[in-house]
Every structure is written in C-alpha cells, then in structure tokens.
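Chemist: what follows is a predicted structure for the sequence shown.
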Amino acid sequence: MAYRHVQWGWTWLLYLIFSVVMNVVILAGMGESGDEEAWVIALTLVFQAVLFLVVLLFSRLEVTVDTENVAAAFGFGWPKKVIALDDIVAVHEVRNHWWQGWGIRRISNGWMYNVWGLDAVEAEVGDGRVFRVGTDDQERLAAALMLR
C-alpha cells in the first residue's frame with residue numbers, strides 16, 4: 001500500500017509573522033538610523049533571515065510509505081529519516097506528551113519527528129529502538145505500516 005501525507009505546522013508560520021511584525025515595530029521605534037544604529041538593523045535582518053529559513057524548513061513534514069521503506073522528511077526533503085519496512089517489528093498508535101515538543105527529538109528509546117500536534121505512530125525496529133512520527137493522519141499511517 002502506497003501512502004503519502006504532508007502535514008503543515010501552522011504555529012511556526014504564525015510565530016514567524018509575529019516575529020517579523022515585532023522586529024519592524026522595534027526598528028521603527030529606533031528613529032532615524034545613523035551609522036551607529038546600522039549594525040543593529042543589519043543584525044536584526046540577518047537574524048530574521050535565519051529564523052525564516054529555520055521556520056520554513058521545520059514547518060512541513062512529509063511521510064511516505066512505499067513497498068520497501070517509510071520515510072519522514074521535513075521541509076523540502078531535508079532532514080530525512082528512512083526506515084526499511086522489513087526492520088519494523090511492531091506499530092503502535094501513541095500520543096506524545098506536550099513537553100516533547102516539535103521538530104526532531106531524541107526520545108528515551110529512539111527518535112521522534114513531529115511538526116504539530118500530539119498524535120503519533122511509533123514503529124518499533126528489531127533492536128528495541130523506535131521511530132516515532134507525529135501525524136494528523138494517525139489511523140491511515142498505522143494501517144499503511146501494518147499492511148506491509
């Protein structure tokens with residue numbers, strides 16, 4: 001069974017908009033910029049550009065299951081984690097704790113990729129490690145992994 005699902009983390013995009021507005025307000029409050037304030041403006045713009053790239057990279061999670069692998073990729077294909085379906089010994093629908101957060105996380109017995117929400121599917125591999133993928137399509141992802 002082929003499976004593909006893209007989930008967006010809208011909180012990150014809203015955070016980015018809020019951050020841009022706040023930086024504009026701060027810079028506008030500085031008054032006329034002289035040479036001594038130019039470095040502050042440049043630093044703020046560089047920080048904003050880096051923040052934009054990080055937010056863009058981690059605001060999207062694509063999960064695919066084909067005949068051989070399950071893959072979870074942030075952004076536009078990187079970072080990406082691939083697990084062979086033959087290595088999976090069990091699949092569980094789980095719920096993340098709120099404090100586990102979003103992004104790529106090391107959890108007690110493996111790794112978690114999560115872009116938004118608390119629902120996840122956990123694939124246990126033969127050596128006891130797990131690969132947990134946060135998803136808003138929990139039942140279909142678990143079914144795709146179990147039907148291998």
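Modeler: That came through fine.
Chemist: from Ala142, how far off is Asp86?
Modeler: Using C-beta to C-beta, to the nearest Å, Asp86 is found at 18 Å from Ala142. To be clear about C-beta, it is placed using only N, CA and C from the backbone, and glycine gets the same treatment.
Chemist: the two: which is more packed in?
Modeler: Shown here are Asp86 and Ala142; by other C-beta atoms under 10 Å, Ala142 has more neighbours (19 against 11).
Chemist: isn't the more buried one up against Ala120?
Modeler: No: using C-beta atoms under 8 Å, Ala142 is not in contact with Ala120; the gap is 9.8 Å.
Chemist: who touches both of those two?
Modeler: Counting by C-beta atoms under 8 Å, 6 or more residues apart in numbering, the shared contacts of Ala142 and Ala120 are Glu93.
Chemist: what about Gly117, neighbour count?
Modeler: The burial count for Gly117: 16, using other C-beta under 10 Å.
Chemist: that one in helix, strand or coil?
Modeler: coil (DSSP: H, G, I helix; E, B strand; the rest coil).
Chemist: OK, contacts around it?
Modeler: Gly117 is in contact with Gln7, Gly134, Thr135, Asp136, counting by C-beta under 8 Å, 6+ apart.
Chemist: give me the number of residues near the closest residue to the second one other than its chain neighbours?
Modeler: Using C-beta to C-beta, 6 or more residues apart in numbering and skipping residues adjacent in sequence, the residue nearest Gly134 is Asn114, 3.0 Å away. Neighbour count of Asn114, defined by other C-beta under 10 Å: 24.
Chemist: now swap in the one 4 residues further on and tell me
Modeler: By other C-beta under 10 Å, 13 other residues sit near Leu118.
Chemist: so what are the domain limits for the chain?
Modeler: Annotated domains of the chain cover 7-57, 63-146 [automatic domain parsing].
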